[in-house]
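# Predicted model and sequence below, questions to follow.
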Amino acid sequence: MPQQGPPPPEVIRIPTASIACDGSGEVSPALGHPRVYLRVDPALGFVECGYCDRRFVLAGGPADSQAA
């Protein structure tokens, strides 16, 4: 059963199971965090960044609420 807690600050749908996160986006990369490489857990369908708590959801995976 997934852990209950506050929702992630940002959810990003991704097309592949691997992603790099540096905390940038609306802020300059210089204000983000060190780049980390993350891999989606196939059973969960998502991975969360340990620095900025963004949740990366695999499109069409078990955690994708937009999947048809």
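Perfect, I can see it now.
# Quick one: low-confidence residue ranges for this structure.
In the predicted model of the chain, residues 1-6, 8, 67-68 satisfy pLDDT under 70.
# Can you pull up the most central residue in it?
Note on the chain: the residue nearest the mean C-alpha position is F56, at 2.0 Å, using C-alpha atoms, centre = their mean.
# Show me the beta-bridge partners of it.
I12, V47 (DSSP bridges).
# That one and I14 touch, don't they?
Yes - F56 is in contact with I14 according to C-beta atoms under 8 Å; the separation is 5.1 Å. Just so you know, the C-beta spots here come from the backbone N, C-alpha and C atoms, and that holds for glycine as well.
# Roughly how far does C52 sit from P62?
23 Å (C-beta to C-beta, to the nearest Å).
# More neighbours: which of those two?
Each of C52 and P62 has its neighbours counted (other C-beta atoms under 10 Å); C52 has more, 18 against 13.
# doesn't the more buried one fall inside a strand?
No - C52: not assigned to a strand; according to DSSP: H, G, I helix; E, B strand; the rest coil it is coil.
# Wait, it touches E26, no?
No - using C-beta under 8 Å, C52 is not in contact with E26, being 11.2 Å away.
# Phi first, then psi, for G23.
Main-chain torsions, G23, degrees, to the nearest 10: phi 80, psi 0.
# tell me the contacts of the nearest residue to it once chain neighbours are set aside?
Spatial nearest neighbour of G23, chain neighbours left out: G32 (2.9 Å); criterion: C-beta to C-beta, 6 or more residues apart in numbering. Listed by C-beta atoms under 8 Å, 6 or more residues apart in numbering, the contact set of G32 reads 22-24, 52.
# Quickly note the distance from G32 to A59.
Here the criterion is C-beta to C-beta. By it, G32 lies 23 Å from A59.
# for G50, same thing?
Remark: distance between G50 and A59 (C-beta to C-beta) = 22 Å.
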